[in-house]
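S.K.: Build me a model from this:
(one chain, ligands or ions: 1)
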Amino acid sequence: MSTGRARYALDAREAEQAAPARAEPRLAGRLIALGACGSIAAYKAVELVRLLRIEGAEVVVMLTPAATQFVSPLTLAALSRHAVETDVLGLLPDQRIGHIVIADSADAVVVAPATARWLGAMANGIASDAVTAACLTTSAPVVFCPAMDGDMWTHPATRSNVERLQRDFGYVMVPPDTGELASGQSGIGRLAELSQIVDAVVATIGARPVRQADPAARPPEVPAPREQDLEGRRIVISAGGTAEPIDPIRFIGNRSTGKMGVAIAEAALARGAEVTLVAGRVEVGLPPNARLVRAESTAAMREAVLDAVFAGHADALIMAAAVADFRPRQAADTKLVRDGALTLELEPTEDILAEVGARAAALDPRPVIVGFAAETGSLDRAPDKLRRKGADLLVANDVAEAGSGFGSDTNRVVILGADGTRDELPLLTKRQVAERLLDRVASTLDARGAPAHTGATIRESP
Ligand code: CTP
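M.R.: Below you'll find the predicted structure:
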């Protein structure tokens with residue numbers, strides 16, 4: 001189904017696709033912080049973001065207050081897919097201080113255009129805007145690209161500030177060009193050609209290793225506006241860990257925080273799905289637009305999932321919950337007292353995913369069924385798990401690996417398909433993993449046809 005294709009918002013991808021692609025992006029994996037100051041040339045920052053992204057860089061933009069008069073933070077946010085820092089006191093959505101996170105994670109800070117005021121502020125360490133504050137904080141190389149009126153450029157104050165930045169701070173300058181200026185006169189002071197600025201950035205950082213590869217340590221990417229490719233789809237998502245009571249106070253639980261399942265729910269809602277979130281024990285905020293069903297024990301989760309999938313005619317089930325494999329055969333009615341050793345007899349729980357997989361086989365169209373497999377050390381068992389549980393997709397990860405697993409904001413996963421596909425994703429934020437998974441769910445649903453709640457029938461036995 002592709003109902004919302006016309007609703008594509010301003011999307012940097014379109015611009016990138018229109019541009020001729022370089023064979024080898026020279027800034028792949030890099031984070032470039034672009035600071036723009038209040039010159040008429042600030043509008044060129046828009047094109048510079050695009051060129052840096054074509055070279056493979058992730059770009060985060062900072063504007064001085066004056067620059068916001070020349071170029072819209074919204075335009076730059078849409079193109080860079082990051083919130084634009086316009087205030088030295090600005091906080092990221094996760095409450096970290098914007099210019100500090102940028103300074104600590106950027107491979108280079110590029111100041112383009114750099115105005116006479118900024119050169120003076122920077123030369124004297126006056127951190128009254130986000131651009132200067134980030135430059136003062138960072139240990140990354142700084143490339144600055146002056147643009148101003150010719151008389152300003154030749155003024156002794158500007159000359160000495162430029163010299164100080166180069167000589168004392170080791171900053172790299174891309175000098176201004178000669179040509180027509182905003183005043184209508186011709187002379188020196190035009191911002192250098194953008195391709196020259198990109199080349200200078202490449203030359204400055206090319207030989208250095210990537211400074212901060214962990215996406216969670218970088219400023220968060222704002223997901224690109226996407227088409228509503230799950231509009232009208234009913235998706236059931238389980239999240240968090242189950243708790244199996246031992247007595248009224250104690251339970252057997254696990255380390256799941258629910259971050260992955262909640263990230264999938266948020267992404268699915270943003271793509272237009274009707275989401276039923278079956279939540280076990282979770283440690284993160286839950287999306288207000290989802291239909292929420294609380295289910296702490298495996299038995300309660302089974303009931304909630306079966307009801308939402310079958311009575312609710314769901315189009316897809318994504319079992320991101322960490323479900324207990326065993327529970328105490330008998331939960332005590334009153335608190336167990338400490339009186340020597342305690343032996344608990346455990347019984348296996350029902351396998352919710354396998355039960356949905358088996359029962360869904362009778363439906364046409366069949367809901368798309370997604371399982372997760374948290375493994376330690378090797379993912380060898382994952383293909384068998386996919387088959388055993390009748391899933392269409394299985395998201396497998398090694399929870400022992402750094403940056404993956406419980407409580408982490410990132411995850412490195414492999415998505416296995418029942419059709420034999422194996423998609424090894426790089427280390428991504430959980431939201432990015434969610435988007436990639438939903439891409440697969442959406443395309444599988446498209447291939448299967450109409451939403452289940454409008455078209456599902458029980459398939460006749462042969
Ligand atoms: N799952 C489930 N019901 C259970 C156990 C697991 O629905 N009782 C689901 C999980 O939500 C997950 C998938 O099955 O989507 C795989 O879970 P996992 O614990 O890795 O698999 P198990 O079947 O428990 O296999 P094992 O413990 O042998 O790894």
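
S.K.: Mind exporting the C-alpha coordinates of the top helix by length along the chain to CSV?
M.R.: Counting residues, the longest helix found in the chain (DSSP state H) is helix 430-448. Taking Å, rounded to 0.1, in the frame of the first residue of the first chain, the C-alpha atoms of helix 430-448 are listed here in CSV:
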residue,chain,number,x,y,z
LYS,A,430,17.3,2.1,18.3
ARG,A,431,15.0,4.5,16.4
GLN,A,432,17.1,3.9,13.2
VAL,A,433,16.9,0.1,13.7
ALA,A,434,13.1,0.6,14.1
GLU,A,435,12.8,2.5,10.9
ARG,A,436,14.8,-0.1,9.0
LEU,A,437,12.7,-2.9,10.4
LEU,A,438,9.5,-1.1,9.5
ASP,A,439,10.8,-0.6,6.0
ARG,A,440,10.8,-4.4,5.7
VAL,A,441,7.4,-4.8,7.4
ALA,A,442,5.9,-2.2,5.1
SER,A,443,7.2,-3.8,2.0
THR,A,444,6.1,-7.3,3.1
LEU,A,445,2.6,-5.9,3.9
ASP,A,446,2.5,-4.1,0.5
ALA,A,447,3.3,-7.5,-1.2
ARG,A,448,0.5,-9.2,0.8
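
S.K.: who does that helix touch, helix- and strand-wise?
M.R.: With contacts defined as 3 or more C-beta pairs under 8 Å, 6 or more residues apart in numbering; DSSP states H and E, the packing partners of helix 430-448 are helix 259-270, strand 316-319, strand 368-375, strand 393-398, strand 410-411, strand 413-417. (C-beta placed from N, C-alpha, C; glycine too.)

S.K.: Residue 76 is in contact with residue 84, correct?
M.R.: Yes: taking C-beta atoms under 8 Å as the definition, residue 84 is a contact partner of residue 76 at 5.0 Å.

S.K.: shared neighbours, those two?
M.R.: Common contacts of residue 84 and residue 76, defined by C-beta atoms under 8 Å, 6 or more residues apart in numbering, comprise 61, 63.

S.K.: Please, which helix or strand holds the residue of the stretch 51-200 of the chain found nearest the ligand?
M.R.: Nearest to the ligand in the stretch 51-200 of the chain, going by C-beta to the nearest ligand atom, is residue 94, at a distance of 27.3 Å. Using DSSP states H and E, residue 94 sits within no helix or strand.

S.K.: count of residues packed around residue 65?
M.R.: Neighbour count for residue 65, taken as other C-beta atoms under 10 Å: 14.

S.K.: my guess is it meets residue 37, correct?
M.R.: No: if you go by C-beta under 8 Å, residue 65 and residue 37 don't touch, sitting 9.7 Å apart.

S.K.: So which other helices or strands are in contact with the helix or strand encompassing residue 163?
M.R.: Using DSSP H and E, residue 163 sits in helix 156-167. The contact analysis (3+ C-beta pairs under 8 Å, 6+ apart) places helix 156-167 against helix 116-123, strand 142-146, strand 172-173.

S.K.: partner strands of the helix or strand following the shortest one, parallel or antiparallel?
M.R.: Going down the chain from strand 172-173, the next helix or strand is strand 177-180, by DSSP H and E. Take DSSP bridges as the rule and strand 177-180 pairs in its sheet with strand 186-190 (antiparallel).
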